[in-house]
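**Student:** can you look at this prediction? I've put the sequence above it.
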Amino acid sequence: MKYINKILALAVLWSIPTIVTAQKGKEAGQNTPAALELQKTGYLWMYTDNAAGLQLDYPVSFTKVDLGYETQSGDFKKPQQGKNVENILFNAEGSTFLQSIYLWGSFKYSRQNIDEAGFNASLIDPYRGMPYYTVDTLQSNWNNQYYTLQMKGATKQLWNFVSFGLDLQYQTASGAKQRDPRSENQQYAIKVKPGVVFSISPKHHIGFNLQYSNYKEQSNMENTNSYVNQNYYLLYGLGKSVEKIGSGRFTEYSANTLGSGLQYNYSGRTKVLWDANYSMKVEDLKENSTSPKNDGTTRDGIFTTNLRLVTNPEKAYSSYIYLGYQDRRISGIEYLTTWNSSTTNTGWVTQYKGVRSKYKTQIASAQYELVKNRGNEYFWEFGALLNYTKQRDKYLLPESRMESERLEYGVNGKVNIALSDRQIKRLLVETSATYNNGMSGKYQYGGQHSEYLTVSDLMQNEFNYSQADYAHFNLSATYSQQLNEEYKSNLFIKGSFTYDKAYNYEYNHRSLLNFSIGYQF
Amino acid sequence: MNKNLIILAQLAGMFIISLLFGGCSGQFSNAFDAKDIKPMTVHIEASMDIEGLPAPDELNVTLQNYTENLTLTGTVGSDGTVTIPGVIPGLYNINITGKTEVEGDATYYLNGSVVNYPVVNEDETLRIPVQAMVAGKLIFKEIYYCGSKTAKGTSYFRDQFYELYNNTESTIYLDKLYFADLNPTTATAKLPTWPEEDGDKYVYAIDIWQFPGNGTDYPLKPGESCVVSQFGANHKLAIYNPNSPVDCSSSEFEFNCNNPSIPDQRAIDMKFTFRNGLSSNTLKQYLTSVFGGAYVIFKVPDGVTYDPVNDKSLSTVDLSNTYSTLYAKIPVNYILDAVEAVQNESMITAKRIPGRLDQGITYVGQTYIGVSVARKLVGYREDGNPIFLDTNNSTDDFERGLTPQLRRYNTKMPSWNPTLKK
């Protein structure tokens, strides 16, 4: 039981910005940002849903904390994104060994101020794949907060054959819309992923994991100025909506997700890891807290498969290859309900439910990185990426369609300049350039009230954004050094600038500026 | 090490058990029951209840689904049935309409309707009774209910008014007619539950007022309007609300509540008749919902006593809750005209008035915006009197969002209007 106490204590420790020193296990040679990045790039199991294989990555113990600020602005955005967004970010991440168990934990906090976001009156994140929510047509500010706590643990190989692992994640958020009809939102999610890895031989490993998560979000709308009733819309997908007037409504979203994953890992001179995962989430929307009424349900199935290769990690030059594919299909279910006012069974009665809309997104990705190693860091990296996204959304009856295809391709480079070996002073400069091409698409609305702003403004601008070609540039610089030559810990300061330039008569640009300061050891 | 194994195995076991028996099984089952939507076919049978009247030349059927903005139509065949394909599953207002005339007598509107009927079963047959209502009578011509805003942005609702019009070619006496607003005050999908034995014979009123008179004191000649105001004052005056769109000082009647803050005007006082089982007026003011109410004008047949205060069979509570508020029953066949106003178009699913009195709804879409609904003009008689559209369907019969105007289209003021007296 003392080990459970230690596990829980570590989970609490990750929630506050304290210094946790590495205890046992392999430690990083140097704790520069490039060294940590290179180490994590070589992990394969860390990026799967199966924590049981973590020790097969031969991880090092480390701790990293950073505090950052970022600001985003520009008109090249989706209708529901803010024109200006500010974030304060705090991240803490670390890993250690408790006896023979490897533990990794992470805590993230962000405070977000969104200015002038439109068409959202009831969700913290309107892009999470839920088509049923409430919108208004006024630009409004939102204040949001997010907390995410995650922990992974893996045993060592038992009987030279099997290892077990567990991935836990708890996330909570709150949001508040600052203009009538205003909304106060509370949201939480909990995820559990137990896993097991069987080592058939020293080089071949097969893993299997399960996944369960529970999600809830509540939104309570009201008018602060009770003299003015507000117009709002209940969305049902692809622009279909019902107009209402008043102070909004109370909505509760609740979801459960079940899933599983399969992994295969080959650990030779070239390390390969292939994984495939499938999850199904069912999410219900109920309206009205006193007499709950079914208003929508989604069936959200996601299939992903990934292939990662790492070649010659110990040599002068290493290659990192990533291939990935994701297929997401959402079915939107609507209900017909009538009010039963009989004294014995008062409440909403569901007369009918049917699938009214379907949303399909397919993403294929390929990425290659060539690295020139230097000690336990890298000297330089050069890479290229290619992403293809295809979206097919359909409202069944009366039929509406929104379809798009995008291709993104680009290159990136990093150079880790050794300014001085005294106090290991480094300047890590990164740059990337990609081009996003809206290859094709269409939006055809066949439903009622095409004059509503939910069709002519919200959905039409969503479509316009999906078709816009744009160039994406990023330049960042990270300065790091040891504070004391006797210790390997590093202080770092990072600045990053991202610029999206749209080649479209509707849009101009969007930029993101980020500063952070941190410490890793 | 064995302890680690035991702990992890226990956690895994708990996880598996929760998966098998957890609450999510019901949620998943409910979600995977749903199938892709497909259009349906509906069979409608008109059950005629028009004894003594000639059969109509044509009976039309309309299925209206507000959520889908879908209107489907058909014509009832000689066998009294009609089949309508391509119906999207949903809640429909289904109306059967027609007209028949008795030579030398009156024109009768035929109507049968069901409100918020769930069309969810393929090849379902729906039987709708069709009844007759006399056409061309005393009608609501214009209703201004939403109120207006003051210069300071506060709400002003004293300027509500209801204009009645004689749409016939005969004189109608207003004496002892009744004006009522129905429950619920504002349209809601959660409709009340009334006694089962009442069937569809009544509508249920919150307040009832009566026109005064001895029987012939207040004639409304063809082409004349009568305005009933909440407060018969000039609302544009500085002491009231200069932003109000109306001057109601020429109203014929007002709902006077003997409130010193709302002083009695020259308009003739309506007689308070019923509220919560009482005939004494304890209200400091009388206003109907600024979101839109359901209004009726009704006449009790000669020789019949109508006293919902003392005759307990003419009042009831709402059986869907435990409140003791009494509502007056108004027999449907007493109704001369009924208009249902709601918050906006989406509230077609929350109608309070039976379809055979008013098949539709009217609305202005907002509150305190100083606009009214007014019946559409369809033409003029030879004597120059306006004729207004009256199909018993407020959706079609009314224009919406107009600047309120007393006696629009120059309808005439009756000679007994108080402002005409010296």
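**Tutor:** Here it is on my side, so go on. Numbering: from 1, shown residues only, chains lettered A, B, ... in the order given.
**Student:** whichever residue of the stretch 251-400 of chain A sits closest to chain B in helix, strand or coil?
**Tutor:** In the stretch 251-400 of chain A, no residue comes nearer to chain B than A:Asn256, which is 3.5 Å away by CB to the nearest CB. For glycine as for every other residue, the C-beta is placed from the backbone atoms N, C-alpha and C. Secondary structure for A:Asn256, judged by DSSP: H, G, I helix; E, B strand; the rest coil, is strand.
**Student:** what's the nearest residue to it if we skip its chain neighbours?
**Tutor:** B:Cys24 (3.5 Å; CB to CB, 6 or more residues apart in numbering or on different chains).
**Student:** any low-confidence regions in chain B?
**Tutor:** B:1-23, B:104-107, B:133-136, B:422 (pLDDT under 70).
**Student:** look up how far chain B lies from A:Tyr499.
**Tutor:** Between A:Tyr499 and chain B the computed distance is 43 Å (CB to the nearest CB, to the nearest Å).
**Student:** got it, and A:Asp136?
**Tutor:** From A:Asp136 to chain B the distance is 14 Å (CB to the nearest CB).
**Student:** isn't that residue up against A:Asn231?
**Tutor:** Yes. A:Asp136 lies in contact with A:Asn231 (CB atoms under 8 Å); the separation is 6.9 Å.
**Student:** between those two, who's got more neighbours?
**Tutor:** The neighbour comparison of A:Asp136 against A:Asn231 (other CB atoms under 10 Å in any protein chain shown) goes to A:Asp136, with 24 against 16.
**Student:** CA atoms only for stretch A:271-288, dumped as CSV, please.
**Tutor:** The C-alpha coordinates for stretch A:271-288 follow below in CSV (Å, rounded to 0.1, in the frame of the first residue of the first chain):
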residue,chain,number,x,y,z
LYS,A,271,13.2,0.9,-34.0
VAL,A,272,9.7,0.5,-35.4
LEU,A,273,6.4,0.9,-33.7
TRP,A,274,3.0,0.4,-35.4
ASP,A,275,-0.2,0.9,-33.6
ALA,A,276,-3.9,0.9,-34.4
ASN,A,277,-6.7,2.3,-32.2
TYR,A,278,-10.4,2.5,-32.3
SER,A,279,-12.7,4.3,-29.9
MET,A,280,-16.4,5.0,-29.9
LYS,A,281,-17.9,7.9,-28.0
VAL,A,282,-21.6,8.4,-27.4
GLU,A,283,-22.6,11.8,-26.2
ASP,A,284,-26.1,12.9,-25.2
LEU,A,285,-27.4,16.4,-25.1
LYS,A,286,-30.2,17.1,-22.6
GLU,A,287,-32.0,20.4,-22.3
ASN,A,288,-33.6,21.8,-19.2
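**Student:** now check that stretch, is it near chain B?
**Tutor:** Yes. Judged by CB under 8 Å from any CB of the partner chain, stretch A:271-288 comes into contact with chain B at A:280, A:282, A:284.
**Student:** any idea whether B:Asn333 is helix, strand or coil?
**Tutor:** Of the three states, B:Asn333 takes helix under three-state DSSP.
**Student:** distance-wise, check it relative to B:Gly86.
**Tutor:** According to CB to CB, to the nearest Å, B:Asn333 stands 37 Å off from B:Gly86.
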